[in-house]
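Trainee: would you be able to build a 3D model of this:
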Amino acid sequence: MSEDLKEAILKYLGTVSQAKNRDVARAVGIEKALVDKAIAELAKEGKIEYRSFGGITYIALPGKHET
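Mentor: Prediction:
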């Protein structure tokens, strides 16, 4: 997976409290399927975390809470 894509995802997540994969894909301008793969890798690396609320899954930087 492209390190540039991972970097763009992390940079975007630094600007929001949490986001859905679709929102991340729109923000970085890359198709969602590729963003999904990069997000899964980032989660395995412990660089992002998944959060579920009412059946909706969000991603966020670890330790970054809603503001």
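Trainee: from here on, contacts and neighbour counts on C-alpha atoms
Mentor: Noted.
Trainee: against Gly54, how distant is Lys47?
Mentor: Distance of Lys47 to Gly54, given as C-alpha to C-alpha, to the nearest Å: 24 Å.
Trainee: so the two - more neighbours on which side?
Mentor: Neighbours were counted for Lys47 and for Gly54 using other C-alpha atoms under 10 Å; Lys47 has more, 14 against 5.
Trainee: phi and psi next, for that one.
Mentor: In this entry, Lys47 is assigned phi and psi values of phi -90, psi -20 (degrees, to the nearest 10).
Trainee: list the contacts for it?
Mentor: 61-62 (C-alpha atoms under 8 Å, 6 or more residues apart in numbering).
Trainee: got it, and the one 10 residues further on?
Mentor: Taking C-alpha under 8 Å, 6+ apart as the definition of contact, the neighbours of Thr57 are 20, 50-51.
Trainee: what's across from the nearest residue to Gln18 once chain neighbours are set aside in the sheet?
Mentor: Residue nearest to Gln18 in three dimensions, not counting chain neighbours: Ala60, with 4.6 Å by C-alpha to C-alpha, 6 or more residues apart in numbering. Assessed by DSSP bridges, Ala60 has beta-bridge partners Glu49.
Trainee: and the pLDDT at Ala60?
Mentor: What the model reports for Ala60 is a pLDDT of 96.
Trainee: which residues sit in contact with it?
Mentor: Contacts of Ala60 (C-alpha under 8 Å, 6+ apart): 13, 17-19, 48-51.
Trainee: most surrounded residue in the contacts of Thr57?
Mentor: Tyr50 (16 neighbours).
Trainee: so what pLDDT did it get?
Mentor: 95.
Trainee: state the number of residues packed around the nearest residue to it once chain neighbours are set aside.
Mentor: Using C-alpha to C-alpha, 6+ apart and skipping residues adjacent in sequence, the residue nearest Tyr50 is Ile59, 4.6 Å away. For Ile59, the neighbour count with other C-alpha under 10 Å is 19.
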